[in-house]
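> What follows is a protein structure lacking sequence information:
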């Protein structure tokens, strides 16, 4: 099982459920040392290790391999 930090649309549990077809326990989280950016010509934001900054998000717990594969496809 895997834990996964998310930001952007995947912080919404209903979106996560649509993508994975499953519900997971989750908690609010912060990723220190990373900053969130909008990239030209990309629909979704990204994060870059900057050594400073904090990116807010959600950690989902105990994801199975099938769910990780669905998220990779998403």
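That came through fine. Worth saying up front: this structure is predicted, and the values here are computed from it rather than measured.
> Show the model's pLDDT score for residue 11.
Per-residue pLDDT puts residue 11 at 91.
> Pull the number of nearby residues for it.
18 (other C-beta atoms under 10 Å). For every residue, glycine as well, the C-beta is placed using N, CA and C.
> what's it in contact with, if anything?
57-58 (C-beta atoms under 8 Å, 6 or more residues apart in numbering).
> Pull out the buried residues from the helix or strand where residue 17 lies.
Per DSSP states H and E, residue 17 falls inside helix 13-20. By neighbour count on 16 or more other C-beta atoms under 10 Å, the buried set for helix 13-20 is 16, 20.
> so what secondary structure elements neighbour the helix or strand that that helix is followed by?
Scanning forward in sequence from helix 13-20 by DSSP H and E, the next helix or strand is strand 26-37. On a contact count with 3 or more C-beta pairs under 8 Å, 6 or more residues apart in numbering; DSSP states H and E, strand 26-37 meets strand 46-63.
> Work out the gap between the strand it packs on and the centre of the chain.
Put simply, strand 46-63 sits 7 Å off its chain's centre (C-alpha atoms, centre = their mean, to the nearest Å).
> Could you identify the helix or strand that succeeds it?
With DSSP H and E, the next secondary element past strand 46-63 is helix 65-73.
> list the buried ones in that following helix?
Neighbour-count burial for helix 65-73 [16+ other C-beta under 10 Å]: 67, 70-71.
> if I read this right, residue 32 contacts residue 54, doesn't it?
Yes - assessed by C-beta atoms under 8 Å, residue 32 is found in contact with residue 54 at 5.5 Å.
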